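got a structure for you, letters missing:
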């Protein structure tokens, strides 16, 4: 890993855990199998889905992504500003939409797609994976070389071109996952330059995961550390969904399906016009502040559940 890439203080030992109600091995296994099968089914269906019109394709992706999150045993709660009817089809607009969110888990991807399906950014290595690589490319994934600083301008140009073409592009500008207890990471400004170049709109989104609380904020029975300040996150926050550090994917999957009563909340925040900010750093700061602000954490009427 290159030294310039962001590194979060979160670790599986300190941040990933669940102290609430738990499912038994049998129902947890059923959820694990259901979630994985539904995920693979969606991936395999990518070529057929691409034959559909944009409106039908977005509607199908939203339903599939929502079903994936539910299949893993997690409730979905969407709050904040409703997405306008037909907003999933951006081709008629002069420019697309850059969706930016904090990054907690692998569940973030289907959670965002359940409301705002779009083209994801992915590591260049994914393109070379058997089966999944070609399908990811076919599905519109924008591959970037995160380890090469010199490749950053090419990545910005690729995102800007997608936005100019009317696409919605989904990015996690923190550059790494965090457990969600602390204030969050800094939003890297590079991708916001693409929004400025394309004259696109930036849509900030806040993701959080919670469960019924049992006593003080803890991780696997131990008092929460600095990034687990109970006053910093959403009441009832759980680390069961956190996929941080060198946490194995298999361990994270099992932790999610065994944690009963999980709720994933996606809060839609007011869009920001790229042209309204003086530069990419100001635009990144505005989006970061929107995601991290207290107003983003206040309860709101659900627009989808």
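Everything's here; your move. Since the model is a prediction, treat every value here as computed from it, not as a measurement.

Quick check: residue 203 touching residue 273?
No: with contact defined as C-beta atoms under 8 Å, residue 203 does not count as touching residue 273 (10.9 Å). C-beta here means a position set from N, CA and C on the backbone, and glycine is covered the same way.

Going by how many neighbours each has, rank those two and give me the top one.
residue 203 (24 against 12; other C-beta atoms under 10 Å).

ok, now which ones touch the more buried one?
97-100, 116, 268-269, 271-272 (C-beta atoms under 8 Å, 6 or more residues apart in numbering).

rerun that using 6 Å as the cut-off
By C-beta atoms under 6 Å, 6 or more residues apart in numbering, the contact set of residue 203 is 97, 99, 271.

any idea which element it lies in?
strand 201-210 (DSSP states H and E).

for that strand, what is the average pLDDT?
The average pLDDT within strand 201-210 is 94.

Please state the offset of it from the chain centre?
8 Å (C-alpha atoms, centre = their mean, to the nearest Å).

residue contacts, residue 18?
Neighbour list for residue 18: 238, 240, 259 [criterion: C-beta under 6 Å, 6+ apart].

So which one of these is the model least confident about?
Within the set of those, pLDDT is lowest for residue 238 (82).

Sketch out the low-pLDDT regions of this structure for me.
Within the chain, the segments meeting pLDDT under 70 span 1-6, 8, 83-94, 129-135, 146-147, 149, 212-235, 294-305.

The most centrally placed residue in it - nearest residue in space that isn't next to it in sequence?
Note on the chain: the residue nearest the mean C-alpha position is residue 108, at 3.2 Å, using C-alpha atoms, centre = their mean. Nearest non-adjacent residue to residue 108, counting by C-beta to C-beta, 6 or more residues apart in numbering: residue 207, 5.5 Å away.

how close does the one you found sit to residue 120?
15 Å (C-beta to C-beta, to the nearest Å).

Ok, residue 255 next?
From residue 255 over to residue 120 (counting by C-beta to C-beta), the distance is 23 Å.

Comparing the two, which residue is more hemmed in?
Ranked by neighbour count (other C-beta under 10 Å), residue 255 and residue 120 place residue 255 first, with 23 against 20.
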